[in-house]
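With the input below, show me the fold.
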Amino acid sequence: MRIRLSALAAAALLALSAAPAAAQSDILLRLRSGSPLSDRFRVDSASGFVAKGVLGIGIIPFTGAGERMMWHPYKAAFRAGSIGSAGTQWDDANVGFYSWAGGYNTIALGLGSFAMGYQSTALGSYSNALGYTANADGTGAVAIGYRTTADADYSVAIGQRASTNGHAGAIVFADGSTTDSVQASANNQFSARAAGGYRLFTNATMTAGVQLSAGGSSWAVVSDRNRKTDFATLDGEDVLTRLRRVPVTEWRYTAEEDRATRHIGPMAQDWHAAFGLTADDRTINMSDLDGVNLAAAQALEARTTNQSARIQALESRTAALAAENETLRADRAALEARIARLEALLKPVGTP
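Okay, here's the model as predicted:
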């Protein structure tokens with residue numbers, strides 16, 4: 001061992017002495033080999049170092065259990081951390097080309113894969129596994145967190161016990177509210193569990209957006225008066241007139257393959273033509289839809305109240321006319337009775 005170190009030191013000194021004068025002050029150690037002679041390891045005065053190699057040449061420097069930082073030029077792979085007793089996670093058979101792994105008992109076997117943490121595994125090409133026993137087994141798969149599994153191509157699992165359940169392109173987010181897993185049920189599906197609720201902001205100061213409260217089933221839209229400006233009053237009758245011009249039909253989306261699925265609602269183009277609340281004539285803001293419906297309901301309520309007042313006035317007038325008519329009828333009956341009595345008095349005696 002002492003002879004080997006001496007030989008290395010001598011080689012280093014020879015390399016240093018052969019370096020250009022301008023570079024000697026920067027390079028503290030240089031190891032060279034090969035034909036032609038070229039750098040293999042170099043340390044500079046700023047504590048920077050580089051270990052070079054050639055893809056497909058050499059053998060893995062170390063196998064089995066133990067702690068190490070290891071550069072494997074044959075596969076352009078890097079390892080740093082620890083392998084437990086009798087472990088083979090960083091043996092050549094478990095090292096992928098252009099891969100990187102660190103931590104404890106991690107495996108980065110896929111081409112260009114990355115594994116970090118505790119017993120995390122990146123088996124798919126270009127896959128990434130970070131955390132505690134995270135498993136990324138699919139091309140471009142990503143698993144991050146605690147016991148997460150992204151086991152299909154282009155799938156993503158993040159959080160605690162999130163699993164794409166073999167569905168390609170699926171994305172799953174899971175919180176830490178329970179030990180039950182959240183699993184995808186279809187390809188290209190987005191699934192998320194957030195027992196504390198969801199918040200989606202659409203501006204930098206987080207004053208605009210929507211929220212879904214814990215245990216809730218519908219979005220709450222930011223509607224604070226203090227977060228609004230440029231107010232304008234509405235003419236309810238005008239709203240009703242505009243709304244009357246918006247056709248409401250039954251239909252289905254072209255992307256819906258199930259022809260039994262139907263919807264009822266307006267078209268964005270008709271809505272935009274009637275109200276023009278945004279520059280977009282391809283979508284309808286649900287907050288605007290609710291606002292128009294409320295304004296229309298208020299206008300109808302005002303119309304109903306006005307009509308009720310008119311009806312009440314007409315009913316009162318009708319009742320008064322009916323009472324007056326009854327009085328006239330009574331007066332007429334009394335007059336007819338009086339006339340009858342007078343006629344009876346004026347009738348000559350003996351006239352039949």
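
so Ala297 sits in a helix?
Yes: under DSSP: H, G, I helix; E, B strand; the rest coil, Ala297 falls within a helix.

Next, count neighbours for it.
Ala297: 13 surrounding residues under other CB atoms under 10 Å. All C-beta spots, glycine's among them, are computed from the backbone N, C-alpha and C.

Arg317: helix or strand, and which one exactly?
Using DSSP states H and E, Arg317 sits within helix 286-346.

Give the rounded mean pLDDT of that helix.
The pLDDT scores in helix 286-346 average 94.

repeat for stretch 236-255
pLDDT averaged over stretch 236-255 gives 96.

Please state the offset of it from the chain centre?
29 Å (CA atoms, centre = their mean, to the nearest Å).

Now do the end-to-end distance for that stretch.
Using CA to CA, to the nearest Å, the end-to-end distance of stretch 236-255 comes to 37 Å.

What residues of that stretch count as buried?
Gly236, Val239, Leu240, Arg242, Leu243, Val246 (16 or more other CB atoms under 10 Å).

re earlier: to the chain's geometric centre, what's the distance from the helix holding Arg317?
Going by CA atoms, centre = their mean, the spacing between the C-alpha centre of helix 286-346 and its chain's C-alpha centre is 61 Å.

that older thread, okay, the buried residues of stretch 236-255 in TSV with distance to Ala134 and secondary structure next?
TSV is the format used below for these (distance: CB to CB, whole Å; DSSP: H, G, I helix; E, B strand; the rest coil):
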residue	distance to Ala134	secondary structure
Gly236	58	helix
Val239	55	helix
Leu240	58	helix
Arg242	55	helix
Leu243	53	helix
Val246	51	coil
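
ok, so of those, who is nearest Ala152?
Taking CB to CB as the measure, Ala152 lies nearest Val246 of these, at 44.0 Å.

ok, now which ones touch that closest one?
Val246 is in contact with Pro266, Asp270, Trp271, Ala274, counting by CB atoms under 8 Å, 6 or more residues apart in numbering.

Trp100: neighbouring residues, count only.
Trp100 sits with 19 neighbouring residues when counted by other CB under 10 Å.

Distance check, it against Ser127.
Per CB to CB, to the nearest Å, Trp100 is found 12 Å from Ser127.

joint contacts of the two?
In contact with both Trp100 and Ser127: Ser113, Phe114, using CB under 8 Å, 6+ apart.

Flag the shaky bits of the stretch 1-150 of the chain, pLDDT-wise.
Flagging of the stretch 1-150 of the chain using pLDDT under 70 yields the residue ranges 1-25.

90 instead, please
The stretch 1-150 of the chain contains residues with pLDDT under 90 at 1-26, 33-40, 45-47.

where along it do the strands fall?
Counting by DSSP state E, counting those that start in this stretch, the segments of the stretch 1-150 of the chain that form strands are 27-33, 38-44, 49-51, 66-72, 77-83, 100-104, 107-108, 114-118, 121-122, 128-132, 135-136, 142-146, 149-150.

Tabulate the ones you listed (JSON lines), appending distance to Ser191.
Listed next are the strands of the stretch 1-150 of the chain as JSON lines, based on distance: least, CB to CB, whole Å:
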{"stretch": "strand 27-33", "distance to Ser191": "52"}
{"stretch": "strand 38-44", "distance to Ser191": "48"}
{"stretch": "strand 49-51", "distance to Ser191": "43"}
{"stretch": "strand 66-72", "distance to Ser191": "38"}
{"stretch": "strand 77-83", "distance to Ser191": "32"}
{"stretch": "strand 100-104", "distance to Ser191": "28"}
{"stretch": "strand 107-108", "distance to Ser191": "26"}
{"stretch": "strand 114-118", "distance to Ser191": "23"}
{"stretch": "strand 121-122", "distance to Ser191": "22"}
{"stretch": "strand 128-132", "distance to Ser191": "19"}
{"stretch": "strand 135-136", "distance to Ser191": "17"}
{"stretch": "strand 142-146", "distance to Ser191": "14"}
{"stretch": "strand 149-150", "distance to Ser191": "12"}
